[in-house]
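In: Got a predicted structure here, sequence first:
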Amino acid sequence: MSVPPGTSDHPIRLGLGPNLAQFSLLVVVNAFVGAMVGLERTILPAIAEHEFHLAARAAVLSFIVVFGVTKALTNYFAGRLSDALGRKRVLVGGWLVALPVPFLLMWAPSWNWVLVANVLLGVSQGLTWSTTVIMKIDLAGPARRGFAMGLNEFAGYGAVALSALATGYVAQAYGLRPEPFYLGVGFAIVGFALSAVLVRETHAHARHEAANHAAAAGAPSQRDIFIKTSFTDRELSSISQAGLVNNLNDGMAWGLFPLLYASAQLSLERIGWLAAIYPAVWGIGQLFTGALSDRIGRKWLIASGMWVQAAGIVLIVMSARFAGFAGGAALLGLGTAMVYPTLLAAIADVAHPSWRASAVGVYRLWRDLGYAIGALLAGITADALGIDSAIWLVAAITCASGLVVAVRMRETLAPPSPTGAGRAQMASR
């Protein structure tokens, strides 16, 4: 009879080396999670305009609002559920919710069906992506947390890029529906199977780290975790606002950039390439930026990343040709790569292992509300003042977010200590 991990024969060990097989499997699973989002990146705005005849930008971007709100709320509860029920159950449940999504998108007779599909997609993404993040943090331990988050986000957003590119090619060859969404059926089935059969529970690793960690000065309530992560703690609240603004500009890019590119008379194939460049640079860059944050710290990588994002958005709105759009998309992807894994690693630096999953859930609540806020802001501004004005506004907000981090946030990465305890935790400050 096999002995479960965590017994004397199979002691729990933290780190990428001792947990390489499970960590690598979770990287693959998160690639399928990202691929599900990539299905919509190139073609859904075109479907809204050409098949459902939605003229108002706010109406076109409504699918991103629905997705962002449901994903944000699910992120919050995913952290709490993973602590209460275990990580694997939440992950598998998220994939079950994803299974109907591609069928709803390919057969939708009205735009309301698309919105229902995006409710399910948001719930699924909140459960699956949040849980793979939490599980990788559990396994990696404190020493290489930034690198672990870089690998996670590389897999997810690299898959977003490949999926966006693939759907653009399929749509160019066969039409907007249903053929591009056949890919999603395969993604959902494989992701569910890997999660249900091969992924193992990691909650014991978090408990093991907590047992060997400096004790928290009284376990905070869920209310306390929410307030401190959202508003009162300098580091956690600075991280949360940067995450929100990061996804605010991503929501704008998701909804308005394909329309901007189409107005420049680009084909669906070329729009697919542009939709892929941004998350591809974002994904590949995180292989380096996550590890870099383990060496040089989190604060200035986050602040400068927000400024690079703003520069990329400005370059896109000032361009009229494919080369300028591509250069701006690459800059936007680079800035996001600097920010995305670093924010997650910084949250884990501050939060005690006993309530870390809940803090990650609060951060991801605010971060993914950025999708909805960005889509609403961009859509309303585009309808009132034009697409260019909406993009300029988002660039300014992104730049301001970097200034908030530069002024308010303190460095969260502690120098190595003999005990490996790391930075003093929020509860003891």
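Out: Thanks, I have the structure now.
In: residue ranges with poor pLDDT in the stretch 1-150 of the chain?
Out: When residues are selected by pLDDT under 70, those of the stretch 1-150 of the chain lie in 1-10, 56.
In: low-scoring stretches of the stretch 301-429 of the chain, by residue?
Out: Looking at the stretch 301-429 of the chain by pLDDT under 70, you get 416-429.
In: all strands for it, in order.
Out: Under the criterion DSSP state E, counting those that start in this stretch, strands are not mapped anywhere in the stretch 301-429 of the chain.
In: and if you look at the stretch 51-200 of the chain?
Out: Under DSSP E, counting those that start in this stretch, the stretch 51-200 of the chain gives no strands.
In: what about the helices in it?
Out: Secondary structure of the stretch 51-200 of the chain (DSSP state H, counting those that start in this stretch): helices at 57-60, 62-85, 87-98, 101-107, 111-140, 145-174, 182-197.
In: for these, which one sits closest to L365?
Out: helix 62-85 (4.0 Å; CB to CB). All C-beta spots, glycine's among them, are computed from the backbone N, C-alpha and C.
In: how about S263, what does it touch?
Out: Going by CB atoms under 8 Å, 6 or more residues apart in numbering, S263 touches I387.
In: rewinding a little: tell me which of the helices of the stretch 51-200 of the chain sits nearest to G333.
Out: It is, among the helices of the stretch 51-200 of the chain and with distance given as CB to CB, helix 145-174, at 8.4 Å.
In: how far out from the middle of the chain is the closest one?
Out: In terms of CA atoms, centre = their mean, to the nearest Å, the centre of helix 145-174 is found 12 Å from the chain centre.
In: May I see the buried residues of that helix?
Out: Residues of helix 145-174 classed as buried: 145-168, 170-172 (neighbour count, 16 or more other CB atoms under 10 Å).
In: quick check: angle from it to helix 111-140?
Out: Orientation check (axes from the mean of the first three to the mean of the last three CA atoms, to 10 degrees): helix 145-174 against helix 111-140 gives 150 degrees.
In: Nearest approach to I373 belongs to which of the helices of the stretch 51-200 of the chain?
Out: I373 sits nearest to helix 62-85 of all those, at 7.5 Å, using CB to CB.
In: other SSEs contacting the closest one?
Out: Packing contacts for helix 62-85, counted by 3 or more CB pairs under 8 Å, 6 or more residues apart in numbering; DSSP states H and E, involve helix 87-98, helix 111-140, helix 234-263, helix 356-385.
In: Pipe those into a markdown table and attach distance to D294 per row.
Out: Output for the helices and strands packed on helix 62-85, formatted as a markdown table (distance: least, CB to CB, whole Å):
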| stretch | distance to D294 |
| --- | --- |
| helix 87-98 | 23 |
| helix 111-140 | 11 |
| helix 234-263 | 16 |
| helix 356-385 | 17 |
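In: closest to I277 out of these?
Out: I277 lies closest to helix 234-263 among the helices and strands packed on helix 62-85, at 10.7 Å (CB to CB).
In: buried stuff in that closest one?
Out: 235-262.
In: How about the contacts made by the residue nearest to L44 when sequence neighbours are not counted?
Out: Ranked by CB to CB, 6 or more residues apart in numbering and with sequence neighbours excluded, the top spatial neighbour of L44 is F63, at 6.2 Å. Contacts for F63 were tallied using CB under 8 Å, 6+ apart; they are 40, 44, 48, 114-115, 118.
In: these two touch, right, S267 and Y169?
Out: No - assessed by CB atoms under 8 Å, S267 is found out of contact with Y169, at 10.7 Å.
In: shared neighbours of these two, anything?
Out: Overlap of the contact sets of S267 and Y169 (by CB under 8 Å, 6+ apart) is empty.
In: picking that back up, measure the residue nearest to L44 to G255 for me?
Out: According to CB to CB, to the nearest Å, F63 and G255 sit 8 Å apart.
In: Over to W111?
Out: 14 Å.
In: what about the residue lying closest to I134 once chain neighbours are set aside, neighbour count?
Out: Excluding the flanking residues, the one nearest I134 by CB to CB, 6+ apart is A357, at 4.9 Å. Neighbour count of A357, defined by other CB atoms under 10 Å: 28.
In: repeat for A59
Out: Neighbours of A59 under the rule other CB under 10 Å: 15.
In: Ok, R89 next?
Out: 15.
In: The one 5 residues further on now?
Out: Neighbours of G94 under the rule other CB under 10 Å: 25.
In: Return the distance of it relative to L127.
Out: Noted for G94: a distance of 3 Å to L127, by CB to CB.
In: again, but for I397
Out: 29 Å.
In: So for the two, which sits in the more crowded spot?
Out: More neighbours surround L127 than the other of I397 and L127, with 28 against 20 (other CB under 10 Å).
In: ranges for the helices of the stretch 301-429 of the chain?
Out: 322-350, 356-385, 387-408.
In: How far off centre is the shortest one?
Out: What it means is helix 387-408. Mean-position distance between helix 387-408 and its chain equals 19 Å (CA atoms, centre = their mean).
In: which helices and strands does it pack with?
Out: helix 234-263, helix 299-318, helix 356-385.
In: can you list those in TSV and add distance to L20?
Out: As requested, these are exported to TSV (distance: least, CB to CB, whole Å):
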stretch	distance to L20
helix 234-263	28
helix 299-318	26
helix 356-385	22
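In: right, so of those helices, which gets closest to W282?
Out: Nearest of the helices and strands packed on helix 387-408 (CB to CB): helix 234-263, 9.2 Å.
In: helix or strand right after that closest one?
Out: Downstream of helix 234-263, the first helix or strand assigned by DSSP states H and E is helix 268-296.
In: Could you tell me the angle between that next one and helix 299-318?
Out: Using the same axes, to 10 degrees, helix 268-296 lies at 160 degrees relative to helix 299-318.
In: tell me which residues of helix 268-296 are tucked away?
Out: Buried residues in helix 268-296, counted by 16+ other CB under 10 Å: 268, 270-287, 289-294.
In: Equivalent analysis for stretch 11-19, please.
Out: 12, 14, 16, 19.
In: for stretch 306-319, same thing?
Out: Buried residues in stretch 306-319 (16+ other CB under 10 Å): 306-317, 319.
In: Out of the residues you listed, which comes closest to L198?
Out: Nearest to L198 among those, with distances taken as CB to CB, is Q309, at 35.8 Å.
In: Was I right to think the closest one contacts A330?
Out: No - with contact defined as CB under 8 Å, Q309 does not count as touching A330 (11.5 Å).
In: Please state the backbone phi and psi of L61?
Out: phi -80, psi 0 (degrees, to the nearest 10).
In: coming back round to it: redo the buried residues of stretch 11-19 as JSON lines? Include distance to H352 and secondary structure.
Out: Compiled in JSON lines, the buried residues of stretch 11-19 are given as follows (distance: CB to CB, whole Å; DSSP: H, G, I helix; E, B strand; the rest coil):
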{"residue": "I12", "distance to H352": "18", "secondary structure": "coil"}
{"residue": "L14", "distance to H352": "15", "secondary structure": "coil"}
{"residue": "L16", "distance to H352": "22", "secondary structure": "coil"}
{"residue": "N19", "distance to H352": "21", "secondary structure": "coil"}
